[in-house]
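A.B. asks: A structural model of the following input is requested.
(3 chains)
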Amino acid sequence: MTMTKLTIIMFSGALDKALAAFVLASGAAASGWDVTVFFTFWGINVVRAENKKALQRKDTMSSMFGAMMPKGADNLPLSNMHMLGLGTSMMKRRMKEKNVKSLHDMILDAKELDAKLLVCDMSMDIMGLQKEEFIDEVDDIVGVGTYLKEAKDAEVNLFI
Amino acid sequence: MTMTKLTIIMFSGALDKALAAFVLASGAAASGWDVTVFFTFWGINVVRAENKKALQRKDTMSSMFGAMMPKGADNLPLSNMHMLGLGTSMMKRRMKEKNVKSLHDMILDAKELDAKLLVCDMSMDIMGLQKEEFIDEVDDIVGVGTYLKEAKDAEVNLFI
Amino acid sequence: MTMTKLTIIMFSGALDKALAAFVLASGAAASGWDVTVFFTFWGINVVRAENKKALQRKDTMSSMFGAMMPKGADNLPLSNMHMLGLGTSMMKRRMKEKNVKSLHDMILDAKELDAKLLVCDMSMDIMGLQKEEFIDEVDDIVGVGTYLKEAKDAEVNLFI
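C.D. replies: As a prediction, this is how the structure comes out:
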């Protein structure tokens, strides 16, 4: 029996878009779907670890990118109504009040239900991140060919 | 005979993106496709009614979200070149000159051709909107499971 | 034998999103897929020629839109960390350092591998651009019906 399959390209590094992606990813995984999320461009910041360090020395531009980009699920801005962080903290408080899980917990949920988390090698290279800087839940660093192979067989493919 | 099917997740609350969604939705519906649009996050503002009131009293944060977010298809900002509203009014004037229908009329067209308009329950809850605040054209308030069921059988699934 | 097929709606006129689109488009075309990219709304600026002139005289609003919108692949802003152009030039320098092709070269690559580049007629009309203002690589100016027909038979459909 083949499973129904969902792939998501997580391009955005905004909290609201990452939440939308993981409501879908964890919902689909909970329904028994095969789920793969590809993190690319700003989206790779969604799976940056807050406290991990790069193993190799970074060149200046890598350090600059590293310093300017948000570090992981708890530090993402909103794409809209960010308002110097006020919108973001409103959104988070609101989610807690309404018993909606945090993005970080949704990512863990999806992983426990066997979702695959893949990081785009080209984006990692351009942004100057190293694989040791991602959360442990990331399964692999891959190229566009891997995405195409997965998406070809999926019923639902989204770019977020 | 099964119909060709389109689902759209309307995540954005920007006029230009909503226009793109409803050019596709009404175009597909006019070609005899089965069309479902899911409004989530900022996208739920696309189907907020301009003059309807909530039935239940709102807590402070719900009132704040309510006041900050745009009220319906005629009041959405552009995602780009918004320019304090100037871009938005240029775009609208231009559409009229070129005999392109307004977003509101495109939504009515899609509905008349049996498109389904569904609002995400979790987003409604987080933003503190109540179901009486949406336009009459909304068919139902649903969860992510409903989206997944619809998308699974659709030929075209878009996240906008 | 039918080919695997990818369609992309290029809605955004941001450099990073156009890069994501053409990494996918040229990657898929290189793997023997049938690829179609539809340029709509701000996305039509991705295929604006830098040095071509309109053949017919433009009304005021068309000239304004024309002046305000970026002219082609080499002049697009970033959607994020644009920082008055600093982010954009960092991104471009970085791509060169890492031997990633420029957007313009990726477009040429995709074309050489038979990708189709189609521009939305309605967007062209609203923005007041004329077909002589696009790069030679554009195959045709089409309506939403053409998109729907192509997307219906494609394994992967993305809105970027």
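A.B. asks: which residues of chain A fall in helices?
C.D. replies: Ranges of helices within chain A are A:15-30, A:60-68, A:86-97, A:103-112, A:121-127, A:144-152, based on DSSP state H.
A.B. asks: Can you name the residues bridging to A:L117?
C.D. replies: Counting by DSSP bridges, A:L117 forms beta bridges with A:V37.
A.B. asks: who's in contact with A:R57?
C.D. replies: A:R57 makes no contacts at all, as judged by Cβ atoms under 8 Å, 6 or more residues apart in numbering or on different chains. Just so you know, the C-beta spots here come from the backbone N, C-alpha and C atoms, and that holds for glycine as well.
A.B. asks: Which of the helices of chain A sits closest to C:D125?
C.D. replies: Nearest to C:D125 among these is helix A:15-30 (30.4 Å), distances taken as Cβ to Cβ.
A.B. asks: and the closest one, does that touch chain B?
C.D. replies: Yes: applying Cβ under 8 Å from any Cβ of the partner chain, one finds helix A:15-30 in contact with chain B at A:16-17, A:19-20, A:23-24, A:27-28.
A.B. asks: Mind putting the helices of chain A into JSON lines with mean pLDDT and mean neighbour count?
C.D. replies: Output for these, formatted as JSON lines (pLDDT from 0 to 100; neighbours: other Cβ atoms under 10 Å in any protein chain shown):
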{"stretch": "helix A:15-30", "mean pLDDT": "97", "mean neighbour count": "25"}
{"stretch": "helix A:60-68", "mean pLDDT": "89", "mean neighbour count": "14"}
{"stretch": "helix A:86-97", "mean pLDDT": "89", "mean neighbour count": "15"}
{"stretch": "helix A:103-112", "mean pLDDT": "96", "mean neighbour count": "19"}
{"stretch": "helix A:121-127", "mean pLDDT": "95", "mean neighbour count": "20"}
{"stretch": "helix A:144-152", "mean pLDDT": "98", "mean neighbour count": "19"}
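A.B. asks: right, and those helices - which one's nearest B:M122?
C.D. replies: That would be helix A:15-30 among these, by Cβ to Cβ, at 6.9 Å.
A.B. asks: quick check, the closest one touching chain C?
C.D. replies: No: judged by Cβ under 8 Å from any Cβ, helix A:15-30 stays clear of chain C, getting no closer than 11.3 Å.
A.B. asks: which residues does the residue most central in space within chain A contact?
C.D. replies: What sits nearest the mean C-alpha location of chain A, by Cα atoms, centre = their mean, is A:V46, with 3.9 Å. Neighbouring residues of A:V46 by Cβ under 8 Å, 6+ apart: A:10, A:13, A:18, A:39, A:72-73, A:76, A:103, A:107.
A.B. asks: Okay, it and chain C: tell me how far apart.
C.D. replies: As defined by Cβ to the nearest Cβ, to the nearest Å, A:V46 lies at a distance of 13 Å from chain C.
A.B. asks: Can you say which of the helices of chain A is nearest to A:V138?
C.D. replies: Counting by Cβ to Cβ, A:V138 lies closest to helix A:103-112 out of the helices of chain A; the figure is 9.5 Å.
A.B. asks: Next, the angle from the closest one to helix A:15-30.
C.D. replies: 30 degrees (axes from the mean of the first three to the mean of the last three Cα atoms, to 10 degrees).
A.B. asks: Contacts for helix A:103-112, please.
C.D. replies: Applying Cβ under 8 Å, 6+ apart, the contact partners of helix A:103-112 are A:15, A:18-19, A:22-23, A:25-26, A:29-30, A:35, A:37, A:46-47, A:72-74, A:76, A:101, A:117, A:135, A:137.
A.B. asks: how about the residues of chain A that lie near chain B?
C.D. replies: For chain A, the residues in contact with chain B (Cβ under 8 Å from any Cβ) are A:4, A:6, A:16-17, A:19-20, A:23-24, A:27-28, A:31, A:33, A:80-81, A:90-91, A:93-95, A:97-98, A:100, A:155-160.
A.B. asks: Tally up the residues packed near A:K53, please.
C.D. replies: The tally of other residues near A:K53 (other Cβ atoms under 10 Å in any protein chain shown) stands at 8.
A.B. asks: so what's A:K96 up against?
C.D. replies: Taking Cβ under 8 Å, 6+ apart as the criterion, A:K96 is in contact with A:S102.
A.B. asks: Among the contacts of A:V46, which one sits closest to chain C?
C.D. replies: Chain C has its nearest neighbour among the contacts of A:V46 in A:G13, at 7.1 Å by Cβ to the nearest Cβ.
A.B. asks: Report pLDDT for the closest one.
C.D. replies: Looking at A:G13, its pLDDT stands at 95.
A.B. asks: swap in A:L55?
C.D. replies: A:L55 is assigned a predicted lDDT (pLDDT) of 87.
A.B. asks: Contacts only, for it.
C.D. replies: Applying Cβ under 8 Å, 6+ apart to A:L55 gives the contacts A:130, A:132.
A.B. asks: any idea how far it lies from A:M122?
C.D. replies: Counting by Cβ to Cβ, to the nearest Å, the gap from A:L55 to A:M122 is 20 Å.
A.B. asks: Could you do A:K53 as well?
C.D. replies: As for A:K53, its distance to A:M122 is 23 Å (criterion: Cβ to Cβ).
A.B. asks: try A:K5
C.D. replies: Relative to A:M122, and taking Cβ to Cβ, A:K5 is found at 24 Å.
A.B. asks: Now A:M3. Nearest residue, chain neighbours left out?
C.D. replies: A:D34 (4.3 Å; Cβ to Cβ, 6 or more residues apart in numbering or on different chains).
A.B. asks: Would you tell me which of the helices of chain A gets closest to B:M64?
C.D. replies: Minimum separation from B:M64 across the helices of chain A (Cβ to Cβ) falls at helix A:86-97, 7.3 Å.
A.B. asks: correct me, but the residue nearest to A:M3 touches A:L6?
C.D. replies: Yes: here A:D34 lies in contact with A:L6, judged by Cβ atoms under 8 Å, at a distance of 7.4 Å.
A.B. asks: shared neighbours of those two, which are they?
C.D. replies: Counting by Cβ under 8 Å, 6+ apart, the contacts common to A:D34 and A:L6 are A:A154.
A.B. asks: Looking at these two, which one has more neighbours?
C.D. replies: Legend: neighbour count by other Cβ under 10 Å for A:D34 and A:L6, higher for A:L6 (28 against 19).
A.B. asks: which residues touch the more buried one?
C.D. replies: A:24-25, A:28, A:33-36, A:154-158, B:148.
A.B. asks: Show me what it bridges to in the sheet.
C.D. replies: Judged by DSSP bridges, the bridge partners of A:L6 are A:V35, A:V156.
A.B. asks: Which positions in chain A make contact with chain C?
C.D. replies: Residues of chain A lying close to chain C (Cβ under 8 Å from any Cβ) are A:9, A:11, A:13, A:40-42, A:61, A:64-65, A:68-69, A:122, A:125-126, A:128, A:144-145, A:147-148, A:151-152, A:154, A:157-159.
A.B. asks: hmm, try it at 7 Å
C.D. replies: With Cβ under 7 Å from any Cβ of the partner chain as the criterion, chain A meets chain C at residues A:11, A:40-42, A:61, A:68, A:122, A:125-126, A:144-145, A:148, A:151-152, A:157, A:159.
A.B. asks: Is A:A28 in contact with A:V35, as I believe?
C.D. replies: Yes: A:A28 lies in contact with A:V35 (Cβ atoms under 7 Å); the separation is 5.1 Å.
A.B. asks: What is the burial count for A:G128?
C.D. replies: 21.
A.B. asks: Excluding covalently adjacent residues, which one is nearest to it?
C.D. replies: Using Cβ to Cβ, 6+ apart and skipping residues adjacent in sequence, the residue nearest A:G128 is A:S62, 2.4 Å away.
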